[in-house]
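> Task: produce atomic coordinates for the following.
(one chain, ligands or ions: 2)
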Amino acid sequence: MKSKDNRIKLMNEVLNGIKVLKLYAWELAFKDKVSAIRESELRVLKKAAYLGAISTFTWVCAPFLVALSTFTVYVMIDERNVLDAQKAFVSLALFNILRFPLNMLPMVISSMVQASVSMKRLCVFLSHEELQEDSVERMAVAGCSDSISIEDGVFSWCRNDAPTLKRLSVCIPDGSLVAVVGHVGSGKSSLLSALLGEMEKLEGSVSVKGSVAYVPQQAWIQNATLKDNIVFGQERKESWYHRVVEACALLPDLEILPAGDGTEIGEKGVNLSGGQKQRVSLARAVYCDCAVYLLDDPLSAVDAHVGKHIFEKVVGPQGVLKDRTRVLVTHGLSFLPQADLILVMVEGEITERGSYLELMARDGAFAEFLRTYANKEQEDDESEEGREEEDTEDSAPKRGLENGLPAAVIGQNHSSTSAVRTEGEVLGKKAKNAEVGRITEADKANTG
Ligand SMILES: Nc1ncnc2c1ncn2[C@@H]1O[C@H](COP(=O)(O)OP(=O)(O)O)[C@@H](O)[C@H]1O
Ligand SMILES: [Mg+2]
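Ligands and ions are numbered 1, 2, ... in the order given. Okay, the predicted model is just below:
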């Protein structure tokens, strides 16, 4: 049973990832693995078959042997015992009656063993912890001005684990744009999961007003047409659909795809790039038009200029979601000045909060975060510069707003000038570019 489990587990994995497996030509390696498990399973099966054969043989011979031995013993035990027809036939009849229950006995025993194993497995499956249904309060009160509020929240992924998120107290007003920043593993995605009620709430209270749309960090794609993936069973509204597709920068992709938005998207989105998947996932959330948007780094897998387009057209203060409450986890520093509130997360706690200018003046974890990612941003912008210069004139003021402002603000703050200094070095010493590139790679690897 154990080797059967192993084999089924491996085969499941192989079949799930058959495309990758074929692509990298790993068939032989996996064939060896499956064969090895199959061998051990075969050995067990062979043993079981031999035992089965012996027991079947015994069971077939048993009635005959039993009758023979009984009569022999009966005759031999005493001289006065005479085996006449009456005794013999009555005994044979009795043995025949006993035969059926005795035949069934081994089957009953093996079925009982199987049943107990299955029961144990079902028990483990059915007695998994349940999600607390009341962990997130859905506020029905329309008069309340806070769209999301967490009071003294302590959350963990598992009831017995140490809490992942501690001392969370946040109030997010209706219609505001909140940016959540922090290093990888600092609990940004966990914060969104807590708001969705997917984490174990140990203390405190969470309330969310209105319907919630969630864009996960890993885009989730159904095996359906691109349009069905965006509309997702909702009412079809053509003009709104086109607005959403345009805002999520999907129009150029639709032109490339063989059948436009009718293109069938393969299992797990195999025929879309990472950025396209993320944009489809974002478009689905935007299309459903909810009150609260939880966006888990939706701009991480898209190119920098597409990211800017999406921020302006969807998430930003002029975007289609401008009246909704948006919680945006992001690594894009250029978007931060436009956020109403920035939450800085360090090891599961919100260590700083406030607007961009307030946080810059404080020079705490946020300034450190900026310093870490300033290099990466600078590199991105440099690589993009050529592209943007070909654009229309109106891209110039945008650049001034997004990249000029952070630089200017950092400049005001003398204690955090190292970010500016790094930028200066990058611009000045082109020879050092290779080294900067390496740092950027490391940063990229670090983004959660
Ligand atoms: N589904 C999960 N189950 C258990 N632990 C998790 C899960 N997701 C994240 N964690 C843990 O929570 C911590 C914070 O992770 P996460 O919120 O994903 O960080 P971030 O999104 O900021 O990179 C990590 O230590 C991680 O191991
Ligand atoms: Mg994350």
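
> what ranges do the helices span in the stretch 201-350 of the chain?
226-231, 238-247, 251-256, 274-287, 304-310 (DSSP state H, counting those that start in this stretch).

> Name the residues that touch the second one?
In this structure, residues lying in contact with helix 238-247 by C-beta atoms under 8 Å, 6 or more residues apart in numbering are 227, 230-231, 251, 254, 261, 283, 286-287, 289, 310, 313-314, 319-320. All C-beta atoms are positioned from the backbone trio N, CA, C, and that covers glycine.

> so which of the helices of the stretch 201-350 of the chain comes closest to ligand 2?
helix 274-287 (13.2 Å; C-beta to the ion).

> mind checking how far that closest one is from the chain centre?
In terms of C-alpha atoms, centre = their mean, to the nearest Å, the centre of helix 274-287 is found 15 Å from the chain centre.

> all numbers from here: first residue = 19
All set: I'll call the first residue 19, so the last point we hit is now helix 292-305.

> most surrounded residue in the contacts of helix 256-265?
Val304 (28 neighbours; other C-beta atoms under 10 Å).

> And for the residue lying closest to that residue once chain neighbours are set aside, the neighbour number?
Nearest residue to Val304, sequence neighbours excluded (C-beta to C-beta, 6 or more residues apart in numbering): Val262, at 5.0 Å. Residues lying near Val262 (other C-beta under 10 Å) number 24.

> was I right about Gly171 contacting Thr182?
No: look at Gly171 against Thr182 with C-beta atoms under 8 Å: they stay out of range, at 10.9 Å.

> Those two: which is more packed in?
Between Gly171 and Thr182, counted using other C-beta under 10 Å, Gly171 has the larger neighbour count: 24 against 20.

> and stretch 176-193, is it in reach of ligand 2?
No: Stretch 176-193 does not reach ligand 2 (C-beta under 5 Å from the ion); its nearest approach is 11.8 Å.

> Quick check: buried residues in that stretch?
Along stretch 176-193, these residues count as buried under the neighbour rule (16 or more other C-beta atoms under 10 Å): 181-184, 186, 188, 190, 192.

> ok so, going back, which pLDDT value does the model give the residue nearest to Val304?
pLDDT recorded at Val262 is 92.

> What distance do you get for it to Gly292?
Val262 sits 20 Å away from Gly292, going by C-beta to C-beta, to the nearest Å.

> ok, the closest residue to ligand 2 within the chain - how many residues close by?
Closest residue of the chain to ligand 2, C-beta to the ion: Ser207 (3.2 Å). Residues contacting Ser207 under the criterion other C-beta under 10 Å number 19.

> One more: Leu361?
With neighbours defined by other C-beta under 10 Å, the count for Leu361 comes to 24.

> next one: Ser373
For Ser373, the neighbour count with other C-beta under 10 Å is 14.

> so what's it up against?
Neighbour list for Ser373: 357-360 [criterion: C-beta under 8 Å, 6+ apart].
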